[in-house]
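Student: Pasting the sequence and the predicted model now:
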Amino acid sequence: MGVRHALRVVLVDVNAGVVAAWRSAFADTPEVEIRRGSLLDVDVDAWVSPTNAKGRMDGGVDAVVKRYLGAGIQVRVQRAIRDRFGGSLPVGSAVCVPSGAAVPRYLISTPTMRRSSQDVGETMNVALACAAAFQAVHLQNRVEPGSIRSVALVGLGAQTGRVPAQVCANLMWTGYTLFQDHGFADYDELRAAVLGQLDDIRGAGSARRVRIDVPRRPSFRR
């Protein structure tokens, strides 16, 4: 799949508990920047917003992003979901659309839930959503090399999805390391990799991280 450009990754959230959990989960990945604050204040090429299957930006971070970027962003997200996924975006998939702004240039919408304000605290949706967000970066850069060199993510599912902070952080670490270790042709391959090891992830509980092993998959690091 070729050599990719180094990607600057920023994790940012207003929730101090999520930030503390990230600092623990990502302690051995110092290249990831961790901040307490608003996504709106992070100057990167792409923001990642957790959404629902229909791309209705009516709650949580989605609503904040729509207020900031304007109502047209929801139109673009929903058009991409319709065109690429038949109108319903599966968990473990994402769309990347132009934001219409100078910063960020792109918005990546990745569902942590099927419907608005669904409780996903007992699911693996955060790992799927995080991995899908990074897959969207990879696919965008495949189309336009170097178009996304920096990306910011909030605590996926930690607000409206009611995912406990440490669980959120550990699952996001799982999604991040999957992106670092493996390349996927499409979202179906990505979902299969995560879902194939759900028992291992569930068995780890909230206190341990799980690195997903995908035998004989091509690595980004060549």
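Tutor: Received the coordinates, thanks. Since the model is a prediction, treat every value here as computed from it, not as a measurement.

Student: For the host helix or strand of Ala129, what is the distance to the chain centroid?
Tutor: Assigned by DSSP states H and E, Ala129 belongs to helix 125-143. Offset of helix 125-143 from its chain centre (C-alpha atoms, centre = their mean, to the nearest Å): 6 Å.

Student: Relative to the helix or strand following that helix, what are the paired strands and their orientations?
Tutor: Beyond helix 125-143 on the C-terminal side, the first helix or strand identified by DSSP H and E is strand 150-153. Strand 150-153 pairs in its sheet with strand 8-13 (parallel), strand 46-52 (parallel), by DSSP bridges.

Student: deepest of those, which one?
Tutor: Highest mean neighbour count of the strands paired with strand 150-153: strand 46-52, a mean of 28 (counted as mean count of other C-beta atoms under 10 Å). C-beta here means a position set from N, CA and C on the backbone, and glycine is covered the same way.

Student: Need the contact partners of that one.
Tutor: Contact with strand 46-52 is made by 39, 57, 60-62, 65, 77, 89, 96, 99, 104-116, 118, 129, 133, 137, 140, 148, 150-154, 156-157, 160-161, as judged by C-beta atoms under 8 Å, 6 or more residues apart in numbering.

Student: looking at the strands paired with strand 150-153, which is closest to Leu195?
Tutor: Nearest to Leu195 among the strands paired with strand 150-153 is strand 46-52 (19.1 Å), distances taken as C-beta to C-beta.

Student: and the closest one with helix 125-143, angle?
Tutor: Computed with axes from the mean of the first three to the mean of the last three C-alpha atoms, to 10 degrees, the direction of strand 46-52 lies at 140 degrees from that of helix 125-143.

Student: That's all I had, so thanks and see you.
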